[in-house]
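Peer 1: How does the following fold in three dimensions:
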Amino acid sequence: MSDEREITYATLDSALLVRDEEQRLLDIRLLRWGEIAETPQGRERFVRGAFRGTKAEDVTLEAIGPHGAAPGVTLTGRGVALEEREDGPVATFRVSRTRAGNELLELVRDGVYRRASIVAMPVAHRTAPDGVIERTRVDLWRVGIVERGAYASAEVLAVRSTEMAHETPDPTPDPTPDPPKEPEGTIIARTADNGASLDALRAEMLERMTRLEAGTMRGGAPSPLARWSTLADYLIAAQGDPEVAVLLARALADQVTTANPGVIPPAFISDVKGIIATVRDAIVAFGGPASLGASGMSLEWPYYAGDLTALVGKQATQKTEITSVLVSLLRGTSAIETFAGGSDISYQLIRRSSPSYIEAYGRIMLAGWGLTTEKEFQTDLLAGATGSEVIDWTTALTADKAKAAFFSASRKVKSATGSPATVALASSDVFGILGGLTGLVPAVYGTQNVAGTAQASTLAVNVSGLPVLEASFFPANTVLWGNPSAAQWHEDGPFVATAEDVAKLGQNRAIWSMGASGIFIPAGLVKSSATVTAAAKSGSSS
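Peer 2: A predicted model of the protein is given here:
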């Protein structure tokens, strides 16, 4: 059995009577056999024989309360007899002839002190079939006399403990001979339930903890609690030291969060989740948003649509007429559209929300605005594109076939705009196919002599030197190549508009902007729409 053993305090509703006034003897029934107590370690009871081997003279008597010169716990006597009777153990104490002892006898005689507490160190236990821990052997240290108790006589209020490591259960207690009958005239303590409140007992036991072990334990060993003069000092030390905290393991009634909802606020995360940061890939790839101008409700631009090869010719001979053609600048136009969304938000929501509803609302609306304008530009790109690239996807797509198609499309963009393509936009399904081609090597392994690269960690796909971006608003099986010379998005905004709705105690808030797609050179937007076969989606080599 380990040297680490727990110390158990039990508060009993027992009346205390003086048996022999001249000899100053006091009889106390310590508890009742078989009564079940609820403790933090579980349901518990004492069985007959638990106090065998305890020497009565080793058990001290103490009075707990404001008596004598010093309030708190005062030793007032020592045991002279201990016997286990039919209904429980009975101890006899001789009260010392001290001021505190005299006061104790007087208070017991007057019925002021009527209850008892035991301090015992368990030695062996067992678990009964009903799950109750049965204390089969204990070492009784002291018995305290208290003014009031709140528990039934056998209910244990445990004050402190350490875990009983390697404790050897005692499945069957040693047989104990039947106790002798009580001699006639003996007055012993009787159980009486006075219904005292649990709060009163708790306060009493807290006071007891701070002063009970102010001296030394049996044999002169220093008390575990003697280092702290007050309970507050001990509680502060216990917060940072597990070895100190274990002394409080059974000190007080269990207090848990579910029993104290009034002081347990929720752990609330102030960062609003689910607001996706939107990136307008197509708008950014085609040069980013440009100015919409200062006035008007249409975006217009001049452009030349003639044949550049016919503008200049070779002079046949000197003094002959040179080539002369009509150069006309046409006017391109695109209607300026308005994009807006808003709500009427109550003052209560604005003032009482935490985190700020207004701040979260603004972020959400901005994300929605970004997706809306991105979708508008992607739709306009496909509608305005006149260039085309034929890709044979009727057979399995390979990295080399994709490289050839990208190169051809970029050449067509250069032919129409004077510059090669700077980006390729791919519908979600095609983007996934291209990223999964076995011939596209991850960038970390180098790009020499490969068709392209693909990296899952960044979703960066590059085919034949062209970055491929996912256009989530494109219809399936679609790829479009281009550069900023061919098209660009123009916008004014976004703006936030607010107006007080006093009649409803609210505030109208809206986000809005104006924008238009400038499709400057339709031939510079090359698109390919083809059916992707199952073989192509597999990415296998032909």
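Peer 1: so who does Ala451 touch?
Peer 2: Ala399, Asp400, Ala402, Lys403, Leu437, Gly439, Leu440, Val463, Ser464 (CB atoms under 8 Å, 6 or more residues apart in numbering). Yep, even glycine has a C-beta here, placed from its N, CA and C like the rest.
Peer 1: could you redo the last one with a cut-off of 6 Å?
Peer 2: Contacts for Ala451 (CB atoms under 6 Å, 6 or more residues apart in numbering) come out as Ala399, Asp400, Lys403, Gly439.
Peer 1: Identify the farthest-apart pair in those.
Peer 2: Lys403 and Gly439 (8.1 Å; CB to CB).
Peer 1: follow-up on the earlier one: tell me the one among the contacts of Ala451 nearest to Thr54.
Peer 2: Gly439 (87.6 Å).
Peer 1: any idea how far Val450 is from that closest one?
Peer 2: Using CB to CB, to the nearest Å, Gly439 is found at 7 Å from Val450.
Peer 1: Could you do Ala340 as well?
Peer 2: Distance from Ala340 to Val450, by CB to CB: 47 Å.
Peer 1: show me where pLDDT drops low in the stretch 101-250 of the chain?
Peer 2: 147-235, 238-250 (pLDDT under 70).
Peer 1: coming back round to it: Gly439 and Val450: who's more crowded?
Peer 2: Neighbour count, other CB atoms under 10 Å: between Gly439 and Val450, Gly439 has more, with 18 against 14.
Peer 1: confidence score at that one?
Peer 2: Per-residue pLDDT puts Gly439 at 84.
Peer 1: and the longest helix for the protein?
Peer 2: With secondary structure taken from DSSP state H, the chain has its longest helix at helix 357-384.
Peer 1: Past it, which element shows up next along the chain?
Peer 2: strand 387-388 (DSSP states H and E).
Peer 1: Give me the packing partners of whichever helix or strand comes after that following strand, helices and strands only.
Peer 2: Later in the chain than strand 387-388, the nearest helix or strand by DSSP H and E is helix 399-417. Judged by 3 or more CB pairs under 6 Å, 6 or more residues apart in numbering; DSSP states H and E, the packing partners of helix 399-417 are strand 460-463, strand 478-482, strand 526-529.
Peer 1: Contacts for stretch 93-107, please.
Peer 2: Contacts of stretch 93-107 with the rest of the structure, by CB under 6 Å, 6+ apart, involve 24-26, 61, 63, 67-68, 74, 76-77, 79-80, 113.
Peer 1: which of the contacts of Ala451 lies closest to Ser529?
Peer 2: When those are ranked by distance to Ser529 (CB to CB), Lys403 comes first, at 19.5 Å.
Peer 1: so what's that closest one up against?
Peer 2: Per CB under 6 Å, 6+ apart, neighbours of Lys403: Ala451, Val463, Ser464.
Peer 1: Count the residues that sit near the last one.
Peer 2: Applying other CB under 10 Å, we find 20 residues neighbouring Ser464.
Peer 1: now the strands for the stretch 1-150 of the chain?
Peer 2: 8-12, 17-20, 25-29, 37-39, 42-46, 60-65, 72-84, 89-95, 115-127, 133-146 (DSSP state E, counting those that start in this stretch).
Peer 1: Good, wrapping up.
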